[in-house]
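*Asks:* I would like to see how this sequence folds:
(one chain, ligands or ions: 2)
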Amino acid sequence: MKEISVQFKINGQQVKLKTRANRRLLDVLREDLGLTGAKEGCSVGECGACTVVLNGQAVHSCLILIGQADGAEITTVEGLAKGQELHPLQKNFLEHGAVQCGFCIPGMLMSSYALLQENPKPDEETIKETIAGNLCRCTGYKQIIEAVEVTAQELNEEK
Ligand code: FES
Ligand code: FES
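*Replies:* Ligands and ions are numbered 1, 2, ... in the order given. Predicted structure coming up:
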């Protein structure tokens, strides 16, 4: 398989690598860059566990060929906290009991993060639509929706 050179900015750092063209962004994140926050659930774009933010959009990294990431700006769950300080979404997920087994949570966080970047005051319906592509077998979603709502309120109060 042909190798290609790709470069992109990930969590604020420029990365350049050579890799087989048929690898997915998810593989490169987890295997080459050690960013194991994005999880592999279904591998076919159904569960959302692999969600990352690419050029401002929440995407399923299991469906992105590495060449499609060339020149992109990517944020993964590892890029949310500032040092030891959790992102308000992470803090509120914890405080509102929105995390149980945790498998879906990196994807939930990244979908919610992309939403709040684009729409700082989402209503409940919008939050539900946003995370509709992120499956959670544990929490029942209510606490997750609450955590996103509270984060939006807090971020708006800070402005
Ligand atoms: S692993 Fe990508 S959507 Fe399920
Ligand atoms: S917390 Fe377990 S799948 Fe969501």
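*Asks:* contact partners of stretch 114-121?
*Replies:* Contact with stretch 114-121 is made by 53, 56-58, 89, 122, 126-127, 130, 148, 151-152, 155-156, as judged by C-beta atoms under 8 Å, 6 or more residues apart in numbering. (Each C-beta comes from the backbone N, C-alpha and C, glycine too.)
*Asks:* Could you work out the most separated pair of those residues?
*Replies:* Among the contacts of stretch 114-121, the pair separated by the greatest distance (C-beta to C-beta) is 57 and 156, at 22.2 Å.
*Asks:* Tell me the residues of this structure that contact ligand 1?
*Replies:* For the chain, the residues in contact with ligand 1 (C-beta under 6 Å from any ligand atom) are 40-43, 45-50, 60, 62.
*Asks:* Any of the residues you listed buried? List them.
*Replies:* Neighbour-count burial (16 or more other C-beta atoms under 10 Å) applied to the residues of the chain next to ligand 1 gives 41, 47-50, 60, 62.
*Asks:* what residue is smack in the middle of the chain?
*Replies:* For the chain, the residue nearest the mean C-alpha position is residue 110 (2.7 Å; C-alpha atoms, centre = their mean).
*Asks:* if we can go back for a sec, with distance to ligand 2 added, can I get the residues of the chain next to ligand 1 in CSV?
*Replies:* Shown next, in CSV, are these (distance: C-beta to the nearest ligand atom, whole Å):
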residue, distance to ligand 2
40, 14
41, 9
42, 12
43, 16
45, 17
46, 14
47, 9
48, 10
49, 8
50, 13
60, 16
62, 16
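*Asks:* Out of those residues, flag the one nearest to residue 135.
*Replies:* Of the residues of the chain next to ligand 1, the one sitting nearest to residue 135 (C-beta to C-beta) turns out to be residue 47, at 4.7 Å.
*Asks:* Which elements pack onto the one helix or strand residue 156 maps to?
*Replies:* Secondary structure from DSSP states H and E places residue 156 in helix 142-158. If contacts are counted by 3 or more C-beta pairs under 8 Å, 6 or more residues apart in numbering; DSSP states H and E, helix 142-158 sits against helix 88-95, helix 105-118, helix 124-130.
*Asks:* Residues contacting the shortest one, please?
*Replies:* By C-beta under 8 Å, 6+ apart, the surrounding residues in contact with helix 124-130 are 58, 111-112, 114-115, 119, 122, 141, 145, 148-149.
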